[in-house]
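Colleague: Got a sequence here, can you build the structure:
(one chain, ligands or ions: 2)
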Amino acid sequence: LSEKLSGIFDTLTRRGALTEDDVNAALREVRRALLEADVALEVVRSFTDRVRSRAVGAEVVRSVTPGQMVVKIVHDELVAMLGADSATIDLDAVPPVPILMVGLQGSGKTTTTGKIAKRLTERGKRKVLLASLDTRRPAAMEQLAVLGKQVGVDTLPIVAGQSAVQIARRALEAAKLGGYDVVMLDTAGRVTLDEALMAEVAEVKAVTQPHEVLLVADALTGQDAVNTARAFEDRVGLTGIVLTRMDGDGRGGAALSMRAVTGKPIKLVGTGEKLDALEEFHPSRVANRILGMGDIVSLVERAAETIDAEKAERMAQKMRKGAFDLEDMAEQLAQMERVGGMKGVLGMLPGIGKIKGQLDNANLDDRLFKRQRAIIMSMTPKERRNPDLLKASRKKRVAAGSGTKVEDVNRLLKMHRQMADMMKAMGKGGRGGLGAALGN
Ligand code: GDP
Ligand code: MG
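Modeller: Ligands and ions are numbered 1, 2, ... in the order given. You can find the predicted model right below:
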């Protein structure tokens, strides 16, 4: 794959915005990577469509190819989508809080029930009761009882001949009487989706009103992931997903498929058969694994950092030379807006009390920044480099062009002079200081 990719990405780097052709070429490779990671086809389609509309027109970071830039955008979008709502198991309800575990047979429901019980007991200091509603496989209830013993958690005593709903009722009752904080209900699963199973799970849900309904799903599931997730979401209703077998060598595309189809967060990840092999879900790790282009992503990140550092250094040099023009000022204003306004920036600088007072008097707020930038943008490049050119008639033109008054233009020019003087003075004092603070 990476050889194929380099074919696309070895095209010359250039500056400017991503064109539709750039984006389409790169997305063909991204699409292939997602399919290889077993992301469901319909999800690949809707996802790449969304990325396409976001990527076209985006600025390409210098020293990076358009294709690499698209990969970075895809990655960021993947992370945002996978981890949109950070998620943990929600126990914020009147105890005993019921948690319902659903999923296909063999997906890891019973094991995950044991893992979560262990975690809630040890880290959460919760008193947990486990109950198996699996009436179909004789060994299932015994399996849960054994797991319970291993992790030191109580299980509901087995009573032969009860239906899943009857067991669920009994579990809730026992949890109330026994003063349990949490009651976990492990349900039966089928190898494939079937109506009887769905009806049973839906009925259990209606009876127990669980606070969490967790779909336990095998990360190695391929194209079926969407069908499974959609069926459980439609028929039962989910609050979250636990992905198991993330220790396997699959790329975990099911994570994206299930997240996209249900809109429900991935809350935990199973990473082995042992009972402590349960981890938080890390969207960027999983995004890297799904996309399989982590090298490109970090390359673009490094390039962007380098450019920021170069910019800051260029600015510092200009300051030392006293060559701070209005172009630079516009850039500084934009950066100041990003770091929380003029006062925030000035607050970080040493020895700036006097001018800070003046700026306060000038009633500087962030709306003013925008206006000031508009004024600078209404000047010609020549005027920005050499503000002395701005005599009365030019000032009038600039004021009209930016929807301000000549006084506003004057105020801006005065502020520029003050900043330039201040920077020159500080620049003489050496590097760092103002340059570092304003440049970053
Ligand atoms: P259930 O039918 O959904 O209850 O599935 P089980 O909990 O009985 O698990 C089926 C098999 O998958 C067992 O052998 C588990 O040890 C194994 N298993 C469960 N979770 C994981 C996991 O995260 N990683 C690995 N490698 N195996 C798992
Ligand atoms: Mg089971």
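
Colleague: residues touching the residue of the chain found nearest ligand 2, list them.
Modeller: When scored by C-beta to the ion, the chain has residue 110 as its residue closest to ligand 2, at 3.3 Å. Where C-beta positions appear, they are placed from N, C-alpha and C, glycine not excepted. For residue 110, the contact set (C-beta atoms under 8 Å, 6 or more residues apart in numbering) comprises 132, 134, 140, 143-144, 147, 186.

Colleague: Let me see the contact set for the most centrally placed residue in the chain.
Modeller: The residue lying closest to the centre of the chain (C-alpha atoms, centre = their mean) is residue 80, at 3.3 Å. By C-beta under 8 Å, 6+ apart, residue 80 lies in contact with residue 283.

Colleague: Quick check: the gap between it and residue 284.
Modeller: Distance check for residue 80 against residue 284: by C-beta to C-beta, to the nearest Å, it reads 10 Å.

Colleague: now the helix or strand hosting residue 295, how far from the centre of its chain.
Modeller: Here residue 295, judged by DSSP states H and E, is contained in helix 294-321. Chain-centre distance of helix 294-321: 24 Å, with C-alpha atoms, centre = their mean, to the nearest Å.

Colleague: again, but for stretch 187-205
Modeller: The chain centre lies 33 Å from the centre of stretch 187-205; the measure is C-alpha atoms, centre = their mean.

Colleague: Just the buried residues of it, please?
Modeller: 187-189, 193, 197-198, 200-201, 204-205 (16 or more other C-beta atoms under 10 Å).

Colleague: Now do that stretch: distance from first to last residue.
Modeller: 11 Å (C-alpha to C-alpha, to the nearest Å).

Colleague: ok, is that stretch in contact with ligand 2 or not?
Modeller: No. Counting by C-beta under 5 Å from the ion, ligand 2 has no neighbours in stretch 187-205; the shortest distance is 6.4 Å.

Colleague: contacting residues around that stretch?
Modeller: 100-107, 109, 133-137, 140, 164-165, 168, 185, 213, 227-228, 231-232, 235-237.

Colleague: Which ones among those lie within strands?
Modeller: With DSSP state E as the criterion, strands contain 100-102, 185, 213 from among these.

Colleague: Which one of the residues you listed is nearest to residue 263?
Modeller: Lowest distance from residue 263 to the ones in strands among the contacts of stretch 187-205 (C-beta to C-beta) belongs to residue 213, with 13.8 Å.

Colleague: starting at the chain centroid, how far to stretch 224-233?
Modeller: How far stretch 224-233 lies from its chain's middle: 23 Å, per C-alpha atoms, centre = their mean.

Colleague: got the buried residues for that stretch?
Modeller: If you call a residue buried by 16+ other C-beta under 10 Å, then stretch 224-233 has these buried ones: 224-226, 228-233.

Colleague: sorry, back to before: SS state for the residue nearest to the centre of the chain?
Modeller: Of the three states, residue 80 takes helix according to DSSP: H, G, I helix; E, B strand; the rest coil.

Colleague: From residue 74, how far out is it?
Modeller: Distance of residue 80 to residue 74, given as C-beta to C-beta: 11 Å.

Colleague: How about residue 316?
Modeller: As judged by C-beta to C-beta, residue 316 and residue 74 stand 35 Å apart.

Colleague: Between the two, which is the more surrounded one?
Modeller: residue 74 (30 against 21; other C-beta atoms under 10 Å).

Colleague: Dump the host helix or strand of the more buried one to CSV, restricted to CA.
Modeller: In the assignment (DSSP H and E), residue 74 maps to helix 66-82. Written as CSV, here are the backbone C-alpha positions of helix 66-82 (Å, rounded to 0.1, in the frame of the first residue of the first chain):
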residue,chain,number,x,y,z
PRO,A,66,-1.4,18.1,-1.5
GLY,A,67,-1.9,14.3,-1.0
GLN,A,68,-0.2,14.3,2.3
MET,A,69,-2.3,17.3,3.3
VAL,A,70,-5.5,15.4,2.5
VAL,A,71,-4.4,12.5,4.6
LYS,A,72,-3.9,14.8,7.5
ILE,A,73,-7.4,16.2,7.1
VAL,A,74,-8.8,12.7,6.8
HIS,A,75,-7.1,11.7,10.0
ASP,A,76,-8.3,14.7,11.9
GLU,A,77,-11.8,14.1,10.7
LEU,A,78,-11.5,10.4,11.7
VAL,A,79,-10.4,11.3,15.2
ALA,A,80,-13.2,13.9,15.5
MET,A,81,-15.8,11.4,14.4
LEU,A,82,-14.5,8.5,16.5
